[in-house]
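>>> Quick check, what structure comes out for this input:
(one chain, ligands or ions: 1)
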Amino acid sequence: MTERATRQLEVTYAVLRGAHDHPTAGQIFERVRRQLPRISLGTIYRNLDKLQRRGLAHAIRSESGATRYDGVVEPHDHFVCERCETVVDLSAAPAARREDIRRAGHRVRWQTTLLYGSCAACANLREGT
Ligand SMILES: [Zn+2]
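Alright, predicted model coming up:
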């Protein structure tokens, strides 16, 4: 990898790791661009793929919107607001099924449970109207 490519990957990872809002690729692109104005969205996607292959990032493919990225790879679940698409971290549910899955011959790379509903702010808005 060239020095430039390494630097682009490092900045992409630093931005993702420092984000707590589970950004989309487009949001990561905007943030990385503040430091590396010449980076392209295609490079961001390639770097996100690399980070995932190295186990440094996960993609959250929610039913209600764009793929979101998470630089926190320790096991945890997610709550997705269907109205504003906020994604909130939750502690991981007990991984009771992992052993059954392993016994069936499957390999678990990562697990997350997605819970859907209205976040506190959106639920309050709805009650207020
Ligand atoms: Zn998360």
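>>> pretty sure D89 contacts G71?
No. The pair D89 / G71 is not scored as a contact, 11.6 Å apart, by C-beta atoms under 8 Å. Yep, even glycine has a C-beta here, placed from its N, CA and C like the rest.
>>> From the neighbour counts alone, determine which of those two ranks first.
Neighbours were counted for D89 and for G71 using other C-beta atoms under 10 Å; G71 has more, 20 against 15.
>>> how close does that one get to the ion?
Distance from G71 to the ion, counting by C-beta to the ion, to the nearest Å: 9 Å.
>>> a strand runs through L56, doesn't it?
No. L56: not assigned to a strand; according to DSSP: H, G, I helix; E, B strand; the rest coil it is coil.
>>> For it, give its distance to the ion.
For L56, the distance to the ion equals 13 Å [C-beta to the ion].
>>> Quick one: residues contacting the closest residue to C84 other than its chain neighbours.
Distance criterion C-beta to C-beta, 6 or more residues apart in numbering; nearest residue to C84, sequence neighbours excluded, is C122 at 5.5 Å. The contact partners of C122, taken as C-beta atoms under 8 Å, 6 or more residues apart in numbering, are 81, 83-84.
>>> tell me the mean pLDDT for the lengthiest helix in the chain?
Among the segments of the chain that qualify as a helix by DSSP state H, the longest is helix 3-18. Regarding helix 3-18, the rounded mean pLDDT is 96.
>>> Give me the distance between that helix and the centre of its chain.
Centroid separation between helix 3-18 and its chain, computed with C-alpha atoms, centre = their mean, to the nearest Å, is 16 Å.
>>> now stretch 112-129
20 Å.
>>> Name the surrounding residues that touch the least confident helix or strand in the chain by mean pLDDT.
Least confident element among the helices and strands of the chain, by mean pLDDT, DSSP states H and E: helix 96-103 (a mean of 80). Residues external to helix 96-103 that are found in contact with it (C-beta under 8 Å, 6+ apart): 108, 111.
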